[in-house]
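Q: give me the fold of what follows.
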Amino acid sequence: MDVDTVGELLRRWRQRRALSQLDLAIAAGVSARHVSLVETGKSRPSADMILRLAEQLHVPLRDRNRLLLAGGFAPRYQRRPLGDAALSAARDAVRRVLRAHEPYPALVFDRGWNIVETNRAVDPFLASVAPELRRPPVNLVRLALDPRGFAPMIVNLGDVRAVFRTRVGRQLAAAPDEELTALYEELLAGDITGPRVDADVVIPMVLRVDGRELRLFSTITTFGTPLDITLDEVAIESYYPADDRSAAYFRAGGSW
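A: Numbers count the residues shown, from 1 in each chain. As a prediction, this is how the structure comes out:
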């Protein structure tokens with residue numbers, strides 16, 4: 001079986017980013033000729049050069065390890081669970097963010113949209129979800145769109161599905177992934193005639209709770225310069241009330 005060379009892998013990442021060899025060379029501070037020699041296998045790049053090019057190509061950390069291995073070097077980045085002692089500072093920071101966001105919901109999810117942690121404001125909503133959807137790993141996309149999950153509560157389900165479709169689609173365009181592709185095909189590939197939503201535009205999620213509507217919008221926070229694959233791939237999604245009535249619901253502890 002053929003094994004991709006580091007040059008071939010770098011070329012694919014460059015093409016995926018729609019950059020010319022000259023574009024990449026200028027960004028990395030090397031010559032276009034050197035980039036060409038690396039991609040064609042006529043020059044063997046050092047580990048530092050591989051990482052310099054990968055940085056300019058915004059290659060995820062797990063894929064930087066693959067580049068290093070293809071170049072004959074040991075991986076540089078570890079993948080430890082968020083509960084690992086080495087990640088205690090990051091874990092504590094995440095939990096502080098979750099707690100500080102209460103009484104509004106917030107959660108942490110990984111690159112596959114599996115929920116890692118939540119704050120207490122999420123618990124009442126999970127209580128109404130079918131038990132099989134609450135078994136780990138709990139997937140946020142499936143939770144939102146499955147009829148056994150939040151789907152019956154979401155008034156503008158078409159908009160929410162379109163936002164997920166756009167966001168997951170962008171992830172796959174940036175870094176192909178088999179697990180994420182399977183999730184997209186299972187839950188998002190159909191109904192392409194539905195609303196087209198730009199994920200950069202704030203689209204409130206409207207929930208019907210106890211016969212009344214809650215309007216929420218969300219923001220996503222990621223680690224700025226992670227050196228661990230787990231931290232590179234987790235994000236915090238924080239939900240905010242989009243009107244005073246929704247804010248009052250949460251401040252009253254989930255009552256009207």
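Q: C-alpha only now, for contacts and for neighbours.
A: Noted.
Q: how much space separates Leu10 from Arg208?
A: 48 Å (C-alpha to C-alpha, to the nearest Å).
Q: helices and strands around the longest helix along the chain, which ones?
A: When the chain is parsed with DSSP state H, its longest helix is helix 157-174. Judged by 3 or more C-alpha pairs under 8 Å, 6 or more residues apart in numbering; DSSP states H and E, helix 157-174 is in contact with helix 140-145, helix 178-187.
Q: could you redo the last one with a cut-off of 10 Å?
A: Helix 157-174 sits against helix 6-16, helix 140-145, helix 178-187, strand 205-209, with contacts defined as 3 or more C-alpha pairs under 10 Å, 6 or more residues apart in numbering; DSSP states H and E.
Q: tell me what angle it forms with strand 205-209.
A: Helix 157-174 and strand 205-209 are oriented at 140 degrees to each other (axes from the mean of the first three to the mean of the last three C-alpha atoms, to 10 degrees).
Q: for helix 157-174, list every residue counted as buried.
A: 157-169, 171, 174 (16 or more other C-alpha atoms under 10 Å).
Q: can you check stretch 221-239 too?
A: Applying a neighbour-count criterion of 16+ other C-alpha under 10 Å, one finds 228-239 buried in stretch 221-239.
Q: quick check: nearest residue in space to Gly7, chain neighbours excluded?
A: Glu39 (3.7 Å; C-alpha to C-alpha, 6 or more residues apart in numbering).
Q: and the helices in this structure?
A: With DSSP H as the criterion, the chain has helices spanning 6-16, 21-28, 32-39, 47-56, 61-70, 88-101, 123-126, 140-145, 157-174, 178-187, 229-233, 244-251.
Q: which of those sits closest to Arg79?
A: helix 229-233 (4.8 Å; C-alpha to C-alpha).
Q: give me the contacts around that closest one.
A: 60-65, 77-82, 87, 90-91, 109-113, 222-226 (C-alpha atoms under 10 Å, 6 or more residues apart in numbering).
Q: and it, how far from the chain's centre?
A: For helix 229-233, the separation from the chain centroid amounts to 10 Å (computed by C-alpha atoms, centre = their mean, to the nearest Å).
Q: could I get the contacting residues of the residue lying farthest from the centre of the chain?
A: In the chain, the residue that sits farthest from the middle, by C-alpha atoms, centre = their mean, is Lys42; the gap is 35.7 Å. Applying C-alpha under 10 Å, 6+ apart to Lys42 gives the contacts 7, 34, 36.
Q: returning to what we had before: more crowded one of Leu10 and Arg208?
A: A count of neighbours by other C-alpha atoms under 10 Å puts Leu10 above the other of Leu10 and Arg208, at 22 against 14.
Q: wait, that one sits on Glu55?
A: No: Leu10 is not in contact with Glu55 according to C-alpha atoms under 10 Å; the separation is 11.2 Å.
Q: tell me, what's touching these two both at once?
A: Arg64.
Q: buried residues, the strand with the most length in the chain. List them.
A: The residue-count maximum for a strand in the chain (DSSP state E) belongs to strand 212-222. Buried positions in strand 212-222, judged by neighbour count with 16+ other C-alpha under 10 Å: 213-218.
Q: Asp177 versus the spatially closest residue to Glu213 that is not a sequence neighbour, what's the distance?
A: In this structure, Glu213 finds its nearest non-sequential neighbour in Leu207, 5.4 Å apart by C-alpha to C-alpha, 6+ apart. As defined by C-alpha to C-alpha, Leu207 lies at a distance of 31 Å from Asp177.
Q: shaky segments in the stretch 101-250 of the chain?
A: 191-201 (pLDDT under 70).
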